[in-house]
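Undergrad: dropping a prediction and its sequence here:
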Amino acid sequence: MQNNSQSRPGGEIIVDQLVRQGVDHVFCVPGESYLAVLDALHDASINVTVCRQEGGAAMMAEAHGKLTGRPGICMVTRGPGISNALAGIHIAKQDSTPLIVFVGQIETGMREREAFQEVDYRAVFGTQTKWTTEIDDAARIPELIARAFHVAMSGRPGPVVVALPEDMLVQLATVADAPRVEPVESAPAPEHMAQMATLLAGAKKPLAILGGSRWTQEAVNNFVRFAERQQLPVAVQFRRQHLFPSSHPNFVGDIGLGINPKLLKMAQEADVILLVGGRMSEIASQSYTLLDIPVPKQTLIHVHPDSQELNRVYQATLAINATPVQFVNAATGLSVSDQGTRKDYVDAAHAAYLEWSDPQSVSTPGDLQMGKVMAYLENNLEPDAILTNGAGNYATWLHRFHRFNHFNTQLAPTSGSMGYGAPAAVGAKRVMPQRQVVCFAGDGCFLMHGQEFATAVQYGLNIIVLVFDNSMYGTIRMHQEKHYPGRVSATDLQNPDFAAYAVAFGGHGERVEKSEDFGPAFERAVASGKPAILHCLIDPQAITPTATLDQLRAAAEKSQTK
């Protein structure tokens, strides 16, 4: 530990630890419960992003964690503040993202009186985090913050909540700073890699599926070479599409919502599945039907950095406790047997993906065609543009028709949290200002955290937000028509003029009603140099790329009359 013989208040010690851990950004909503920390940040080398709501701050920090692999840092006040942040904490939990949320707390002498905004953080957040703690002694700050970084990054990454009592933050302590924490890298055993090589060599219809976190650009590049040498078709899990270049001839699609039926059949008929980094949770597993539980009929090789996840749901033929980086490093040295017979198998699967992901092949009702919007974006987005989204049927167009060819170009919650796209875009642009950042949002999704557009304006972050407005909570309406046809309840929305909303905040805004108007509007948004919103009017009937609301209702009514 670094020597520090000076007596410092707790708030200053906390900020000093963040500096030692390499933190360069903090996303916060200020509160009187942690004023001493805010004061210490005044003279620190850390950039502070002031947000408009704690949920947005937590989502920005979570996006930072996704992009960097080190914990995003969020600071919020107690009670209502941390309650608002829970959505971002839940995303970090389900998405395996390193995140540390610092929250103010009442003075220690007031505990258990239900003091103003008092929360028992361990009780409330214990099941939603990897670790929740409260620092009572300023002298233990370096120890506990170092541990928070270790817990957030190691094994399966996730969120940590650290509560900061007000009196502790002004308490003086003489204590050394803790050194920078690096995540623990678990490597595969040589005998496991030899066994995997044997299983892959004997496979006629193998399928690699990539997911989870703790990937790097180098690991992705190395897996591409591994897949080429082994003639492996490669799929990615739900909202992990940046883990393998979509244009590569070994790529076969994403396993998530609205899966390509040909890819689904391929996964079902695979004799060996190599699952790297992911958990194969509900969405990717097609509601836990893709692999039999507890023993899959496919030979399953499961690689995961956290031993607690291996054999938790699926009993693997071969379980390998390793991070993606270490696994791929070991895999690159495997011998290659003659896999020429698999080339046709791989080529056919890639061709099926290309056909499925062609936006020009889809036509929907209305003057503004999402297929044409996607075709324009595919031809005009910068190659390393970061695409963000929250939850809703609109996201289907992005996931199915955009070809992610670069690592760290997708920010989307596998937890399906609405409202994520806008704050994630702000967080991404704040951390990587040189990258183009485009947010996809539905009308209902955007307004859950649309106030963070003000944060983009405040910091001059020229994100482009595409708000697709069909005047409803579209996903829920889709399910209503499938299960309760014609009985529309609680899904209609009356929306504002989102273009005027953008201008009111100080950004650029335009209304887009026709396909031919989208491209010029997007170009003007880019040229403005301002945060921008394009308010895109979508026909309510265009609920999915393959079905209208009327078609869904008619099919449901027909089914009910049988």
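TA: Sure, I can see it.
Undergrad: check contacts around residue 41.
TA: Residues in contact with residue 41, defined by CB atoms under 8 Å, 6 or more residues apart in numbering, are 15, 26, 48. (C-beta placed from N, C-alpha, C; glycine too.)
Undergrad: show me which of these are buried.
TA: 15, 26 (16 or more other CB atoms under 10 Å).
Undergrad: looking at the contacts of residue 41, which is nearest residue 259?
TA: residue 26 (38.7 Å; CB to CB).
Undergrad: just the element for the closest one, please.
TA: strand 25-28 (DSSP states H and E).
Undergrad: residues in contact with that strand?
TA: For strand 25-28, contacts defined as CB under 8 Å, 6+ apart pick out 18, 38, 41, 46-51, 57-58, 60-61, 64, 72-76, 427, 430-431.
Undergrad: okay if I get the contacts of residue 41 as TSV plus distance to residue 403 and pLDDT?
TA: Formatted as TSV, the contacts of residue 41 follow (distance: CB to CB, whole Å; pLDDT from 0 to 100):
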residue	distance to residue 403	pLDDT
15	42	98
26	34	98
48	36	98
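Undergrad: closest to residue 129 out of the contacts of residue 41?
TA: residue 26 (18.6 Å).
Undergrad: buried residues, stretch 489-496. List them.
TA: Quick answer for stretch 489-496 (16+ other CB under 10 Å): 491, 495.
Undergrad: what sits up against that stretch?
TA: So stretch 489-496 is contacted by 443, 444, 447, 469, 471, 472, 473, 474, 476, 477, 480 (CB under 8 Å, 6+ apart).
Undergrad: run the chain-centre distance for stretch 245-265.
TA: Relative to its chain's centre, stretch 245-265 lies at 19 Å (CA atoms, centre = their mean, to the nearest Å).
Undergrad: how about it: buried residues?
TA: 245-246, 249-257, 259-260, 262-263.
Undergrad: got it, and stretch 362-375?
TA: Buried, per 16+ other CB under 10 Å, within stretch 362-375: 362, 364, 366, 368, 369, 370, 371, 372, 373, 374, 375.
Undergrad: show me what contacts the fourth one?
TA: This means residue 368. So residue 368 contacts 512, 513, 514, 515, 517, 518, 536, 537, 538, 539 (CB under 8 Å, 6+ apart).
Undergrad: ok so it is a strand residue?
TA: No - under DSSP: H, G, I helix; E, B strand; the rest coil, residue 368 falls outside any strand and is assigned coil.
Undergrad: related to what we said a few turns ago, what lines up beside the strand holding residue 26 in the sheet?
TA: In the sheet, strand 25-28 lines up against strand 47-50 (parallel), strand 72-76 (parallel) (DSSP bridges).
Undergrad: give me the next element, helix or strand, following it.
TA: Once the chain leaves strand 25-28, the next helix or strand it forms, by DSSP H and E, is helix 35-41.
Undergrad: buried residues, that following helix. List them.
TA: Within helix 35-41, judged by 16+ other CB under 10 Å, the buried ones are 35, 36, 37, 38, 40, 41.
Undergrad: can you pull out the helices in the stretch 151-300 of the chain?
TA: Secondary structure of the stretch 151-300 of the chain (DSSP state H, counting those that start in this stretch): helices at 166-169, 190-201, 217-230, 261-269.
Undergrad: TSV for those, including mean pLDDT?
TA: What follows is these, written out as TSV (pLDDT from 0 to 100):
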stretch	mean pLDDT
helix 166-169	95
helix 190-201	95
helix 217-230	96
helix 261-269	97
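Undergrad: buried among the contacts of stretch 489-496? Need that as a selection in ChimeraX.
TA: Applying 16+ other CB under 10 Å to the contacts of stretch 489-496, the buried members can be selected in ChimeraX as follows:
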select :443,444,447,469,471,472,473,474,477,480
